[in-house]
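Asks: Pasting the sequence and the predicted model now:
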Amino acid sequence: MNILSEMSSIYYELTISEKRIAEYILEHTDEVQMMSISELAEVCHVGEATITRFCKRFHSRGYTALKIELVKLSNPSYEPFSDRPTSETTTTTPTKHQNISGILYSEYSSALKQTAELLKKEHVIRAVEALSQAEIVYCMGQGGSMLMAEETAHLFSSVSSKFFSIYDSHLQVSAAATMTAKDVLFFISYSGSTTEMEDILSQAKQNGATIIMLTRFCKSPGAEKSDIVLQCGSNESPLQQGSVAAKIAQFYVLDILYHEYCNKNPEISEQNKEKIMRALANPPVSDQLQRKKKRNQVLPQFLFLI
């Protein structure tokens, strides 16, 4: 992993000052190569000592060594952020080394592999136990993560009626304020470090609810407030938003949870599945009568035309 990829992968674990440095380097890689340590410290609003400590965190002996690493990465064949396809590579004819489908396949495979390595079995078992014992499970997220929260509620609704998703941020706060010790808050956040999320988690924790967090960063503020952390893979840059690879990693974790939940609660899961299948296959009598009435209204007209 090159130094830029490493900055992206641990971005949310950095301090506020270190994040400012990382953001500037990621956005102005070529400019930084020509800047002195004093100039970089000034634009990042940090001290020179902070820059030096930042460099050492990424295994560089100092600022000069960091700039040398950046120079090595500035050749035309370098593609930032783990060889993701960029606007340049997508507008030109792909070579065997820049084949878009191959790059994406590798990225998605890597996300699944990382998740399989990071996801702890004991955390999955604890999460399934909490979901099984819960009276109500609130599925939440913000931005693109809210779509994943809705998918979570939709997936589990096939075996249980206690899973709900709440989209509106104000309603999320309201729900957190009324949670009890019998409830579970299942929160999805790639970064685990949004201000709104922290407020919701704090409120839910104050009311005794069990918090399950699905995130990439196990040391994020959100993870620290959670009772159970499910870690997914995929190194999404802080400058990227909602990559498909990150969603695939999250779906993988959700599918594991779903099957483990069904295995722990086999009877009720099968019963609910059968009830739903029967309901969908056999609509209510009122609906059947309504359709029959419509057919009877159409039939005389059809006969008249014949």
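Replies: Everything's here; your move.
Asks: Which pLDDT value belongs to the residue nearest the centre of the chain?
Replies: With distances taken as Cα atoms, centre = their mean, the residue of the chain nearest its centroid is Y190 (4.0 Å). Each residue has a pLDDT score; the one for Y190 is 87.
Asks: cool, and G222?
Replies: On the pLDDT scale, G222 gets 89.
Asks: S8 now?
Replies: We have a pLDDT of 88 for S8.
Asks: count of residues packed around it?
Replies: 22 (other Cβ atoms under 10 Å). Any C-beta I mention is one placed from the backbone N, CA and C, and that applies to glycine too.
Asks: The host helix or strand of it: how far from the chain's middle?
Replies: According to DSSP states H and E, S8 maps onto helix 3-9. Offset of helix 3-9 from its chain centre (Cα atoms, centre = their mean, to the nearest Å): 19 Å.
Asks: Which strands or helices does that helix pack on?
Replies: Judged by 3 or more Cβ pairs under 8 Å, 6 or more residues apart in numbering; DSSP states H and E, the packing partners of helix 3-9 are helix 16-27, helix 63-72, helix 80-83.
Asks: rerun that using 7 Å as the cut-off
Replies: helix 16-27, helix 80-83 (3 or more Cβ pairs under 7 Å, 6 or more residues apart in numbering; DSSP states H and E).
Asks: Quickly, which of those helices bottoms out on average pLDDT?
Replies: The stretch with the lowest mean pLDDT among those is helix 80-83, at a mean of 44.
Asks: re the thing from before, next, the buried residues of the helix holding S8.
Replies: By neighbour count on 16 or more other Cβ atoms under 10 Å, the buried set for helix 3-9 is 3-5, 7-9.
Asks: ditto for stretch 10-29
Replies: Buried residues in stretch 10-29, counted by 16+ other Cβ under 10 Å: 10-12, 14, 17-26, 29.
Asks: quick one: which of the residues you listed is nearest to R126?
Replies: When the buried residues of stretch 10-29 are ranked by distance to R126 (Cβ to Cβ), Y12 comes first, at 23.2 Å.
Asks: can you pull the contacts of that closest one?
Replies: By Cβ atoms under 7 Å, 6 or more residues apart in numbering, the contact list for Y12 reads 191-193, 217, 220.
Asks: ok, now L112?
Replies: For L112, the contact set (Cβ under 7 Å, 6+ apart) comprises 248-249, 252.
Asks: ok, so of those, who is nearest V229?
Replies: Ranked by distance to V229 (Cβ to Cβ), the contacts of L112 are led by A249 at 14.3 Å.
Asks: Remind me what the helix or strand harbouring that closest one packs against, helices and strands.
Replies: For A249, the host element (DSSP H and E) is helix 244-264. The contact analysis (3+ Cβ pairs under 7 Å, 6+ apart) places helix 244-264 against helix 100-118, helix 121-133, helix 144-156.
Asks: Of those, which is nearest I212?
Replies: Per Cβ to Cβ, nearest to I212 of the helices and strands packed on helix 244-264: helix 121-133, 5.2 Å.
Asks: Just the CA coordinates for that closest one, please, in PDB.
Replies: C-alpha atoms of helix 121-133 as PDB (Å, rounded to 0.1, in the frame of the first residue of the first chain):
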ATOM      1  CA  LYS A 121     -17.200 -14.000  14.900                       C
ATOM      2  CA  GLU A 122     -17.800 -13.200  18.600                       C
ATOM      3  CA  HIS A 123     -19.100  -9.800  17.600                       C
ATOM      4  CA  VAL A 124     -21.500 -11.400  15.100                       C
ATOM      5  CA  ILE A 125     -22.800 -13.800  17.800                       C
ATOM      6  CA  ARG A 126     -23.300 -11.000  20.300                       C
ATOM      7  CA  ALA A 127     -25.100  -8.900  17.600                       C
ATOM      8  CA  VAL A 128     -27.400 -11.800  16.700                       C
ATOM      9  CA  GLU A 129     -28.200 -12.400  20.400                       C
ATOM     10  CA  ALA A 130     -29.100  -8.700  20.900                       C
ATOM     11  CA  LEU A 131     -31.300  -8.600  17.800                       C
ATOM     12  CA  SER A 132     -33.100 -11.800  18.900                       C
ATOM     13  CA  GLN A 133     -33.800 -10.400  22.400                       C
END
